[in-house]
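Q: I'll drop the sequence and a predicted model, then ask my questions.
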Amino acid sequence: MRQLTAFTLLIGVLLVAGCGDGSRDAASTPNPPVTAPPATTAPTGTAFNPTDIAWLQLTVAMTERLLPVLDLVPARTTDPAWRQTATRVATTRRADLDRARRLLADAAAPTTNPHEGHDMPGMATAQEMTALRAASGQPFHRLLAGHLRAHLAQSVRIASAEQQSGVQPATVALAADVVRSGTADLARLDHLDPA
């Protein structure tokens, strides 16, 4: 029964994450069709449940897709407020990424990315990256705001699910930090660029 509950929680996290195929607008919130990756279980004897592993894998995948967006900022805008926002978010997300990777290693989880090639809420697509690289000034700010808002909102959403269903203390603590920093960054973004 415990394995069935853990599997149900894993599917819940993936449904919340909106893991699926197909393109979507960065600022949109509807989730695309759901296709769950193969279930991943934690090795015997660890304190990680499948929800912990799934959330960590999704956090890594989402962050790896956000960082190239933030890396564009210095070349695409001279606005100090946007540069400061991008630097703040990038610094936090890089630290979270390092923590998530260490936790996955501690869990002896597979090193492959089960979300490779998926376009999910909070992840910029190849087409969107092309548009970002071509924009500057205000058009770039609008695109950046959409991507940041989508990423931060989705990160907070799935981290909240991990807080409720995860069991590994360090992983749940990371989720709490993601919720706290993501909520603060969303508030700063709303002040900088009201939707």
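A: It's in. Residues are numbered from 1 along each chain as shown.

Q: Check which element follows the longest helix along the chain along the chain.
A: When the chain is parsed with DSSP state H, its longest helix is helix 137-165. Later in the chain than helix 137-165, the nearest helix or strand by DSSP states H and E is helix 169-192.

Q: Which strands and helices lie in contact with that following helix?
A: helix 50-71, helix 80-106, helix 137-165 (3 or more Cβ pairs under 8 Å, 6 or more residues apart in numbering; DSSP states H and E). C-beta here means a position set from N, CA and C on the backbone, and glycine is covered the same way.

Q: how far off helix 50-71 does that helix point, in degrees?
A: If you take axes from the mean of the first three to the mean of the last three Cα atoms, to 10 degrees, helix 169-192 sits at 40 degrees to helix 50-71.

Q: Other residues contacting helix 169-192?
A: 47-48, 52, 55-56, 59, 81-82, 85, 88-89, 92, 96, 99-100, 103, 106, 145, 148-149, 152-153, 155-156, 159-160, 162-163, 166 (Cβ atoms under 8 Å, 6 or more residues apart in numbering).

Q: roughly how far is that helix from the heart of the chain?
A: In this view, helix 169-192 has its centroid 11 Å away from the chain centroid, taken as Cα atoms, centre = their mean, to the nearest Å.

Q: Show me what counts as buried in the longest helix of the chain.
A: If you call a residue buried by 16 or more other Cβ atoms under 10 Å, then helix 137-165 has these buried ones: 140-141, 143-163, 165.

Q: mind exporting stretch 57-66 as CSV, just the C-alpha atoms?
A: The C-alpha trace of stretch 57-66 is given here as CSV (Å, rounded to 0.1, in the frame of the first residue of the first chain):
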residue,chain,number,x,y,z
GLN,A,57,14.7,15.8,-11.4
LEU,A,58,12.1,18.3,-12.5
THR,A,59,13.8,21.2,-10.6
VAL,A,60,17.1,20.4,-12.3
ALA,A,61,15.5,20.2,-15.8
MET,A,62,13.6,23.5,-15.3
THR,A,63,16.6,25.4,-13.9
GLU,A,64,18.9,24.2,-16.7
ARG,A,65,16.4,25.6,-19.2
LEU,A,66,16.1,29.0,-17.3
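
Q: Now do the buried residues in it.
A: 57-63, 65-66.

Q: and what of stretch 186-193?
A: Buried residues in stretch 186-193, counted by 16+ other Cβ under 10 Å: 186, 188-189, 192-193.

Q: before we move on, what about stretch 168-187?
A: For stretch 168-187, a neighbour-count test (16+ other Cβ under 10 Å) marks 168, 171-172, 174-175, 178-179, 181-183, 185-186 as buried.

Q: Let me know how buried residue 80 is, in neighbour terms.
A: 8 (other Cβ atoms under 10 Å).

Q: list the contacts for the residue positioned nearest the centre of the chain?
A: Geometric centre of the chain, nearest residue: residue 62, 3.6 Å, by Cα atoms, centre = their mean. By Cβ under 8 Å, 6+ apart, the contact set of residue 62 is 115, 120, 122-123, 151, 154-155.
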